[in-house]
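Novice: Give me the fold of what follows.
(2 chains)
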Amino acid sequence: AQKVTQAQTEISVVEKEDVTLDCVYETRDTTYYLFWYKQPPSGELVFLIRRNSFDEQNEISGRYSWNFQKSTSSFNFTITASQVVDSAVYFCALSGVNYGQNFVFGPGTRLSVLP
Amino acid sequence: DAGVIQSPRHEVTEMGQEVTLRCKPISGHDYLFWYRQTMMRGLELLIYFNNNVPIDDSGMPEDRFSAKMPNASFSTLKIQPSEPRDSAVYFCASSPGRGSEKLFFGSGTQLSVL
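Specialist: Model prediction:
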């Protein structure tokens, strides 16, 4: 069965600090997809990134960066120079080639960025 | 595009009443998902449809829950009778493709069963 673990339940940082959110996954599939979603206090789920299992290249988008390491089954998310608007719950998710129970979300990490 | 549209945004009902949640997926998306979010269990997949056909409903908690998709632009999730433990945020999501595609989520329905 596929599983996503986000060991950090809550993180608090002061504005401008860097913060890394951890994501560890389990799957027996050779082809799979990893996602990060953001859920701000308003409640909607906002897509941030998708990565497939064959592409281990790290990605940077502005203050956001993602580190994918198949060797450790991790897909970590770093926010550089955090801002108050980054305060949200962040979910890591894993999908197989087909949907269904294969599309699983981690429990989420609540990030609070204090001014 | 208007995105995935869910209604109502908030629903407050009394135990034993029937509750119907509605979802309009993004036009052209072949997949539709219903998720439930609670503090205890996080985001749980309840059921998903492909081309209006239910593919996997193993996440539906019990027979009180039912979901339909009569056409490509509309789906309902019904709870009858509702119970306090059904209180949660229910999300609908749609997607144009298979597992490689991201899910587009609606704004959710906050359900409170008193």
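Novice: how about A:Val97, what does it touch?
Specialist: A:29, A:31-32, B:98-100 (CB atoms under 8 Å, 6 or more residues apart in numbering or on different chains). Any C-beta I mention is one placed from the backbone N, CA and C, and that applies to glycine too.
Novice: what's the answer for B:Leu103, then?
Specialist: Residues near B:Leu103 by CB under 8 Å, 6+ apart: A:45, A:47, A:103, B:33, B:93-95.
Novice: Now with 6 Å, please.
Specialist: B:93, B:95 (CB atoms under 6 Å, 6 or more residues apart in numbering or on different chains).
Novice: And it, its phi and psi?
Specialist: Backbone torsions of B:Leu103, given as degrees, to the nearest 10, read phi -100, psi 140.
Novice: what's the neighbour count on the closest residue to A:Gln6 other than its chain neighbours?
Specialist: Closest residue to A:Gln6 apart from its sequence neighbours, by CB to CB, 6 or more residues apart in numbering or on different chains: A:Gly106 at 4.0 Å. A total of 25 residues lie near A:Gly106 under the criterion other CB atoms under 10 Å in any protein chain shown.
Novice: ranges for the strands of chain A?
Specialist: For chain A, applying DSSP state E gives strands covering A:3-5, A:10-14, A:19-21, A:24-26, A:33-39, A:46-52, A:59-61, A:64-69, A:74-79, A:88-95, A:104-105, A:109-114.
Novice: Chain B now?
Specialist: Using DSSP E, the strands of chain B run over B:5-7, B:10-13, B:19-24, B:31-38, B:42-50, B:53-56, B:65-71, B:74-79, B:88-95, B:104-105, B:109-113.
Novice: Make JSON lines out of those strands and add distance to chain A, mean pLDDT and mean neighbour count.
Specialist: Below are the strands of chain B laid out as JSON lines (distance: least, CB to the nearest CB, whole Å; pLDDT from 0 to 100; neighbours: other CB atoms under 10 Å in any protein chain shown):
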{"stretch": "strand B:5-7", "distance to chain A": "10", "mean pLDDT": "97", "mean neighbour count": "17"}
{"stretch": "strand B:10-13", "distance to chain A": "11", "mean pLDDT": "97", "mean neighbour count": "14"}
{"stretch": "strand B:19-24", "distance to chain A": "14", "mean pLDDT": "98", "mean neighbour count": "20"}
{"stretch": "strand B:31-38", "distance to chain A": "6", "mean pLDDT": "95", "mean neighbour count": "23"}
{"stretch": "strand B:42-50", "distance to chain A": "4", "mean pLDDT": "92", "mean neighbour count": "21"}
{"stretch": "strand B:53-56", "distance to chain A": "4", "mean pLDDT": "92", "mean neighbour count": "14"}
{"stretch": "strand B:65-71", "distance to chain A": "14", "mean pLDDT": "97", "mean neighbour count": "15"}
{"stretch": "strand B:74-79", "distance to chain A": "15", "mean pLDDT": "98", "mean neighbour count": "19"}
{"stretch": "strand B:88-95", "distance to chain A": "7", "mean pLDDT": "96", "mean neighbour count": "24"}
{"stretch": "strand B:104-105", "distance to chain A": "4", "mean pLDDT": "94", "mean neighbour count": "22"}
{"stretch": "strand B:109-113", "distance to chain A": "8", "mean pLDDT": "97", "mean neighbour count": "18"}
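Novice: Output those strands in JSON lines; the columns should cover distance to A:Gln83.
Specialist: Formatted as JSON lines, these follow (distance: least, CB to CB, whole Å):
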{"stretch": "strand B:5-7", "distance to A:Gln83": "29"}
{"stretch": "strand B:10-13", "distance to A:Gln83": "29"}
{"stretch": "strand B:19-24", "distance to A:Gln83": "33"}
{"stretch": "strand B:31-38", "distance to A:Gln83": "25"}
{"stretch": "strand B:42-50", "distance to A:Gln83": "25"}
{"stretch": "strand B:53-56", "distance to A:Gln83": "39"}
{"stretch": "strand B:65-71", "distance to A:Gln83": "39"}
{"stretch": "strand B:74-79", "distance to A:Gln83": "36"}
{"stretch": "strand B:88-95", "distance to A:Gln83": "26"}
{"stretch": "strand B:104-105", "distance to A:Gln83": "23"}
{"stretch": "strand B:109-113", "distance to A:Gln83": "27"}
